[in-house]
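**Q** turn this into a structure:
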Amino acid sequence: MSDHLAATRASYDAAAENYTEFVSGKLEGLPMMRAVLGAFAELVDGPVAEVGCGPGNITSHLASLGVEIRGIDLAPRMVEIARAAYPGLRFDVGSMTSLKLADGELGGLVAWYSIHHLPPGELPGVLAGFHRVLSSGGRLLIGTHAGDEERRLLTEAYGVPVRYESFIQPPERIVESIRSAGFTITAQLLEPGIRPGRSYLSVFAQKD
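**A** Sure, this is the predicted structure:
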């Protein structure tokens, strides 16, 4: 495992309880996010994986909409919390950089605010992995931070010391990376962020 992945895993293990509290109930106040997730639930057909699922709140929400879904996260403590909170769903420790899934196994894949931890040079390989595990016609949903090119090293987050990096890329570059991985872009939504020059990007794509 690379140093940056190991640091990200250790940081989210340390912040797991506080992060879980931070995201608890947030979806109720985010109608656009619920709409995006709801649209994906209607479009997707077949088993789905959420990679970078954290404490399982988005995985659980999609399951409540009828999606056959499992969660995968890099941080073992996040997976423990998700398993305890949602015992009827499957959660596994794993990395989006090396998915232990068969070719064409999934009908859909969700990466919800997790790819921003990838250095830009690693994103094409990860998207190629997403393409590999999706069946023909499979659906991809990515939600992520976007904006002016920025690399940030965080040393404190969610009230605890951490050490992980966040890589913010322009939305058009992210969309082009998805397209270059072999996907057809079917829809995208760009919402203003809370900081100048930052946005929230949602991208729907499909494997041909």
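
**Q** for the rest of this, base every contact and every neighbour count on C-alpha atoms.
**A** Will do.

**Q** now the helices for this protein?
**A** 3-23, 31-43, 57-64, 76-85, 123-133, 171-180 (DSSP state H).

**Q** quick one: buried residues of the longest one?
**A** Judged by neighbour count using 16 or more other Cα atoms under 10 Å, the buried positions of helix 3-23 are 5, 7-16, 19-20.

**Q** next, the angle from that helix to helix 57-64.
**A** 60 degrees (axes from the mean of the first three to the mean of the last three Cα atoms, to 10 degrees).

**Q** check which helices and strands helix 3-23 sits against.
**A** In terms of contacts (3 or more Cα pairs under 8 Å, 6 or more residues apart in numbering; DSSP states H and E), helix 3-23 is packed against helix 76-85, strand 160-168.

**Q** need the helix or strand of this structure with the lowest average pLDDT.
**A** strand 150-157 (a mean of 86; mean pLDDT, DSSP states H and E).

**Q** what's the distance between that one and the middle of its chain?
**A** Centroid separation for strand 150-157 versus its chain: 18 Å, with Cα atoms, centre = their mean, to the nearest Å.

**Q** beta partners for Ala157?
**A** Beta-bridge partners recorded for Ala157 (DSSP bridges): Val160.

**Q** that one: neighbour count?
**A** By other Cα atoms under 10 Å, the residues close to Ala157 number 16.

**Q** again with the one 10 residues further on
**A** By other Cα under 10 Å, the residues close to Phe167 number 18.

**Q** which pLDDT value belongs to it?
**A** Note on Phe167: pLDDT of 93.

**Q** out of everything not next to it in sequence, what's closest to it?
**A** Leaving aside its chain neighbours, Phe167 sits nearest to Arg151 (4.7 Å; criterion: Cα to Cα, 6 or more residues apart in numbering).

**Q** count residues in the vicinity of the one you found, would you?
**A** Based on other Cα under 10 Å, the number of other residues close to Arg151 is 15.

**Q** ok, back up a step: format the buried residues of helix 3-23 as a markdown table; extra columns: distance to Pro161 and pLDDT.
**A** Converted to a markdown table, those look like this (distance: Cα to Cα, whole Å; pLDDT from 0 to 100):
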| residue | distance to Pro161 | pLDDT |
| --- | --- | --- |
| Leu5 | 16 | 88 |
| Ala7 | 12 | 89 |
| Thr8 | 12 | 93 |
| Arg9 | 13 | 91 |
| Ala10 | 10 | 89 |
| Ser11 | 8 | 92 |
| Tyr12 | 10 | 93 |
| Asp13 | 11 | 93 |
| Ala14 | 8 | 91 |
| Ala15 | 8 | 92 |
| Ala16 | 12 | 93 |
| Tyr19 | 13 | 94 |
| Thr20 | 16 | 96 |
